[in-house]
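> Here is a sequence together with a model predicted from it:
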Amino acid sequence: MKIVICYFSGTGNTHKIADCFAQAFRERQHDVAVYSMDEFAFAKKLPQELTEQIEQCDLLGMGYPVYAFNAPPVALQFAKILPRLPKNKKTFIFNCSGEPLKLNNISSLKLCGILKRRRFEVTNEYHYCMPYNIIFRHSEEMAVRMWQTAQNLIPLDATEILSGQKHLLEKVRCGGTIAWVMRCEQWGGRLNGRMYSVNKNCVHCGKCVNDCPTHNIRITEKGKFKFGGKCLMCMRCAHLCPKNAIRIGMFNGWKVNGPYAFSAKNEEEKQRYNKMLTKAYDAYFSEAEERIASASSNGNKSNT
Ligand SMILES: Cc1cc2nc3c(=O)[nH]c(=O)nc-3n(C[C@H](O)[C@H](O)[C@H](O)COP(=O)(O)O)c2cc1C
């Protein structure tokens, strides 16, 4: 089977999930191509080669991080430039978010609508909890647990997709309206993006300029930083800045600087993790662990 996976990832979490899906499919002897949507951010057209790959594949996967209970504009724009197909193509969606809220399930509504009009039929949807890149920093302990849980779930989800069993996430009532209202985050983000600035820690390494998916950051001849109006609020610049030099406008108090190591373990981290373990996370992990345990006792990890 030919599988194409396209994902957008601000700070790397969705990228990890996309690679994990690719590995799971490859282990089941399928041919997988993975594309980042970065280079197609706000593009009017997909390159011919990718269009052909998508037209010819048997299964399309699309992944994104949840932003204010929605898919990021890059993912929506990407869907809009997909080819219109003569017949339905099986498609699955995966997303990740900082919290295991039911409300996050509405994030795919608009994307599914766009995909449906192009005859990409979304039959399977999966959500994974991954650490926050804004609002607050999860402990490394929690990040490790989230990532391990996703790594254990993805092979089961890949098997489910290949077996043809449908899996759609349950949506809350009035989800479409809530998502529509929350999409104000997208223009709010562009406005706030203009308020970004750098502090004296900046060493002009240019990482943020090179990394920005919308090329929204430039350094003038006089060495001043200019932040334009195309910010996605993806947090890549501020999260990955090695000098923690970027201020994220009005939301600076929510900045989470520094990538997660997905490995460290120490007592202080454990304490922080224990305090953080709210009921919602508890439910997410115990549901996932139950599914993983029952799959391994049924020998459900079989290749499809
Ligand atoms: C602008 C913005 C909005 C977000 N909104 C939500 C949200 O509505 N719900 C949630 O649980 N997490 C939310 N998050 C957290 C991200 O979805 C989460 O950190 C995700 O793992 C980031 O994935 P990435 O590394 O692929 O960008 C938001 C993050 C950003 C930057």
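Good, I have the coordinates.
> next one: the helix or strand that contains Gln23 to chain centre, how far?
Under the criterion of DSSP states H and E, Gln23 resides in helix 13-27. A distance of 12 Å separates the centroid of the chain from that of helix 13-27, by Cα atoms, centre = their mean, to the nearest Å.
> pLDDT (mean, whole number) over it?
Per-residue pLDDT over helix 13-27 has a mean of 98.
> ok, and what's touching that helix?
1, 3, 5, 7-9, 32, 34, 36, 61, 63-65, 94-96, 128, 130-131, 133, 147, 150-151, 154-155, 157-159, 162, 303 (Cβ atoms under 8 Å, 6 or more residues apart in numbering). All C-beta spots, glycine's among them, are computed from the backbone N, C-alpha and C.
> Skip the chain neighbours and tell me the closest residue to Gly176.
Leu109 (5.5 Å; Cβ to Cβ, 6 or more residues apart in numbering).
> close to the ligand, is the one helix or strand the one you found maps to?
Per DSSP H and E: Leu109 is located in helix 109-117. No. Helix 109-117 lies out of reach of the ligand by Cβ under 6 Å from any ligand atom, never closer than 13.4 Å.
> Mind giving me the packing neighbours of that helix?
Judged by 3 or more Cβ pairs under 8 Å, 6 or more residues apart in numbering; DSSP states H and E, helix 109-117 is in contact with strand 59-65, helix 73-80, strand 89-97, strand 120-129, helix 175-182.
> and the nearest residue to Gly229 once chain neighbours are set aside, what does it touch?
Once flanking residues are discounted, Gly229 sits nearest to Arg190: 5.2 Å by Cβ to Cβ, 6+ apart. Going by Cβ under 8 Å, 6+ apart, Arg190 touches Gly229, Lys230, Cys231.
> If you rank those residues by neighbours, which is first?
Cys231 (24 neighbours; other Cβ atoms under 10 Å).
> Verify the contact between it and Met195 for me.
No. Proximity of Cys231 to Met195 does not meet the contact threshold set by Cβ atoms under 8 Å, at 9.3 Å.
> Output the set of residues of the protein in proximity to the ligand.
Residues of the chain found near the ligand (Cβ under 6 Å from any ligand atom) are 9-14, 65-69, 96-99, 101, 104, 130, 132-134, 233-235.
> And those residues, which of them are buried?
The neighbour-count test (16 or more other Cβ atoms under 10 Å) marks 9-14, 65-69, 96-98, 101, 104, 130, 132-134, 233-235 as buried among these.
> gap between Trp180 and the ligand?
14 Å (Cβ to the nearest ligand atom, to the nearest Å).
> can you check Lys102 too?
Lys102 is 11 Å from the ligand, by Cβ to the nearest ligand atom.
> if I read this right, that residue contacts Val172, doesn't it?
Yes. Judged on Cβ under 8 Å, Lys102 makes contact with Val172 at a distance of 5.6 Å.
> Would you agree Ala158 falls within a helix?
Yes. The assignment for Ala158 (DSSP: H, G, I helix; E, B strand; the rest coil) places it in a helix.
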